[in-house]
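Peer 1: only geometry, no sequence info:
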């Protein structure tokens, strides 16, 4: 009886395995950008009746997409050092349970967004889920070295989803947030692809360093970093954000440009990994400065300065 129970438990999996399917570190950044999108959409406070279901709905959709990615790529994950310890390659879960878990998360997400937020946010969230979990994961990733550029649209959607959750419409300023993440995605992932290029080659994934060479990829990282810098200045130029955001963006942009320029002459793979890690700090920092700038006047009033 005990052996049977143990076998069933092993088949169903441990809760930590299910948590890992959701890619919690990635999801935390996605949810953070969505929350900032919500906060920027209104000069006042976001109603909790919208904020809570929208946050959970967007987060659950992202977790569902991540879990589907695990299911679709379990064979590829087993070939790469970075991913071979994930639950499916290690046998901690079977694919049927992982897929069922993903579908449950997706269903809960759609229920929350349709019932408690609005239809537009639900439709856009569903489109983003399909864009990442199906179009990117199952096709684009293996079809073209521009997979990250094209597939980046799904990853850039969360702040737009947050914005529409509050306003019920797509605002041009929300699209600026989309543009920033869209431009950030290629240098972010290509830096990792340089560092992990042998693993991607072994898995037969046509990442840019494999199809076009590392030097070409370094030049593309610099090009997209310059595009990103321009994109991050647009919120100030269009009066979406003020001086607090601008100062923070310039500081963060200088750091990203430093890494991108240095990569042109310093070919140490460790630098590529440092660039990748900085890019994560960079994106979080950009959205933190959006938040600080948006509430700066309120903060000054709160502490009695303004």
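Peer 2: Nice, I can see it. Keep in mind that what you see is a predicted model, and the values were worked out from it rather than measured.
Peer 1: Tell me who's in contact with residue 69.
Peer 2: 23, 132, 133, 137 (Cβ atoms under 8 Å, 6 or more residues apart in numbering). Glycine gets a C-beta too; all of them are placed from N, C-alpha and C.
Peer 1: try it again with 6 Å
Peer 2: By Cβ atoms under 6 Å, 6 or more residues apart in numbering, residue 69 lies in contact with residue 137.
Peer 1: Check residue 126 too.
Peer 2: When contacts are taken as Cβ under 6 Å, 6+ apart, residue 126 is in contact with no other residue.
Peer 1: what is the mean pLDDT for the helix or strand encompassing it?
Peer 2: Assigned by DSSP states H and E, residue 126 falls within helix 119-130. For helix 119-130, the per-residue pLDDT values average out at 97.
Peer 1: Check which residues of it are buried.
Peer 2: By neighbour count, and taking 16 or more other Cβ atoms under 10 Å as the criterion, the buried residues in helix 119-130 are 120, 121, 122, 124, 125, 126, 128, 129.
Peer 1: next one: stretch 83-95 to chain centre, how far?
Peer 2: 22 Å (Cα atoms, centre = their mean, to the nearest Å).
Peer 1: Show the end-to-end separation of that stretch, please.
Peer 2: Distance between the boundary residues of stretch 83-95 (Cα to Cα, to the nearest Å) amounts to 16 Å.
Peer 1: Could you list the buried residues of it?
Peer 2: Buried residues in stretch 83-95, defined by neighbour count with 16+ other Cβ under 10 Å: 83, 86, 87, 88, 89, 92, 93, 94.
Peer 1: Same question for stretch 161-173.
Peer 2: Neighbour-count burial for stretch 161-173, counted by 16+ other Cβ under 10 Å, picks out 161, 162, 163, 164, 165, 166, 167, 171, 173.
Peer 1: ok so, going back, looking at the buried residues of stretch 83-95, spot the one nearest residue 284.
Peer 2: Nearest to residue 284 among the buried residues of stretch 83-95 is residue 83, at 22.8 Å by Cβ to Cβ.
Peer 1: if we can go back for a sec, list just the nearest of the buried residues of stretch 83-95 to residue 282.
Peer 2: Proximity of the buried residues of stretch 83-95 to residue 282 was ranked by Cβ to Cβ; the top entry is residue 83 with 23.6 Å.
Peer 1: returning to that earlier point: what's the closest of the buried residues of helix 119-130 to residue 279?
Peer 2: Taking Cβ to Cβ as the measure, residue 279 sits nearest to residue 128 out of the buried residues of helix 119-130, at 20.6 Å.
Peer 1: what residues are up against the closest residue to residue 122 other than its chain neighbours?
Peer 2: Taking Cβ to Cβ, 6 or more residues apart in numbering as the measure, residue 122 lies nearest to residue 113, with 3.8 Å between them; neighbours along the chain are not counted. Under the criterion of Cβ under 6 Å, 6+ apart, the neighbours of residue 113 are 57, 121, 122, 125.
Peer 1: want to try TSV for those residues, with distance to residue 155 as columns?
Peer 2: Written out in TSV, the entries for the contacts of residue 113 read as follows (distance: Cβ to Cβ, whole Å):
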residue	distance to residue 155
57	17
121	17
122	19
125	13
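Peer 1: Redo the buried residues of helix 119-130 as CSV? Include distance to residue 225.
Peer 2: Putting the buried residues of helix 119-130 into CSV (distance: Cβ to Cβ, whole Å) gives the following:
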residue, distance to residue 225
120, 33
121, 31
122, 34
124, 28
125, 29
126, 32
128, 24
129, 29
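Peer 1: of the residues you listed, closest to residue 268?
Peer 2: Minimum separation from residue 268 among the buried residues of helix 119-130 (Cβ to Cβ) is found for residue 128, which lies at 35.6 Å.
Peer 1: show me what contacts that closest one?
Peer 2: Neighbour list for residue 128: 154, 157 [criterion: Cβ under 6 Å, 6+ apart].
Peer 1: Against residue 52, how distant is residue 117?
Peer 2: With distances defined as Cβ to Cβ, to the nearest Å, the gap from residue 117 to residue 52 amounts to 10 Å.
Peer 1: Neighbour count for these two, which is higher?
Peer 2: Neighbours around residue 117 and residue 52, counted as other Cβ atoms under 10 Å, are more numerous at residue 117. The numbers are 26 against 14.
Peer 1: Show the contacting residues for the more buried one.
Peer 2: The neighbours of residue 117, taking Cβ under 6 Å, 6+ apart as the test, are 53, 54, 165.
Peer 1: Now, those that are in strands?
Peer 2: Secondary structure from DSSP state E places none of the contacts of residue 117 in strands.
Peer 1: got a markdown table for the residues you listed, with pLDDT and distance to residue 275 too?
Peer 2: As requested, the contacts of residue 117 are arranged in a markdown table below (pLDDT from 0 to 100; distance: Cβ to Cβ, whole Å):
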| residue | pLDDT | distance to residue 275 |
| --- | --- | --- |
| 53 | 98 | 37 |
| 54 | 98 | 33 |
| 165 | 98 | 33 |
